[in-house]
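Novice: Here is my input; please provide its structure:
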Amino acid sequence: MATCLSAAGVRFAVLGHEEACTGDPARRMGNEYVFSVLASGNIETLTRYGMEKRTIITACPHCFNSLGTEYGQLGGRFEVVHHAVYLRGLLASGRLLIADPSGGSKRSVTLHDSCYLARYNGIAAEPREILRQLPAIELREMGQRERSTFCCGAGGGRMWMEESRGTRINEERTRQALATGAAAVVTECPFCMTMVRDGLSAAGDRGADVQAIDLAEVLAASLALPAATR
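Specialist: Numbering: from 1, shown residues only. Got it, this is the predicted structure:
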């Protein structure tokens, strides 16, 4: 495990090769045995490093739900924070400072709520609070959002399955995003990122100039540089 210091002055540790998949995809597809093996191994590793007394930060809502909720069924009790909540906290405390690199122009974005954040865990306000603090960003909302979000199609193990009838779920969600006229679709989940990118590609010319980007990347583009690096 490596220990590092972030630009915001936060000390953090990275497991690296000792980190395994949380087992979420296996459980979603009904393979409880594989989930149990992966989860038990992770619980043992995290406990060995004393993580039951620390905070685990994840950029993946699937990992957030598994580590923070489902691992408790196997005795793993951890405090888990999704990066949308963590970054909002760093902004609120002044450890991250916003600049305006736009020169007064704004980039329009729409936010796709991940099911495992908004629908399952009620986390919807925090990413919006971040976006609304960024002077270069204009947020355009989709009709189905927050707890009523529309799935990107990756949940329930569908990431690795093909749909043979009707419209692909990610293509329908992408259609809703494109209808806002936004120049970018902001996601909070690597699964959602992949599905939205595929949906934009399938949309042809309509999606050609629209970017799928993670919330943290949007924030990073608007951060003021630390005084020592200016």
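
Novice: hey, where'd the helices end up in the chain?
Specialist: 24-28, 32-48, 61-68, 83-93, 120-121, 125-133, 169-178, 190-202, 205-208, 215-220 (DSSP state H).

Novice: helices or strands up against the fifth one?
Specialist: Using 3 or more Cβ pairs under 8 Å, 6 or more residues apart in numbering; DSSP states H and E, the elements in contact with helix 120-121 are helix 61-68. The way it works is simple: take the backbone N, C-alpha and C, and place the C-beta from them, glycine included.

Novice: so what secondary structure elements neighbour the helix it packs on?
Specialist: helix 24-28, strand 55-58, strand 79-82, helix 120-121.

Novice: Specify the beta-bridge partners of residue 185.
Specialist: Beta-bridge pairing for residue 185 (DSSP bridges): residue 110, residue 212.

Novice: separation between it and residue 16?
Specialist: Distance, residue 185 to residue 16, using Cβ to Cβ, to the nearest Å: 30 Å.

Novice: which one of the two has more residues nearby?
Specialist: Neighbours were counted for residue 185 and for residue 16 using other Cβ atoms under 10 Å; residue 185 has more, 28 against 8.

Novice: Now do the same for the spatially most central residue of the chain: its pLDDT.
Specialist: Ranked by distance to the mean C-alpha position of the chain (Cα atoms, centre = their mean), the top residue is residue 188 at 2.5 Å. We have a pLDDT of 96 for residue 188.
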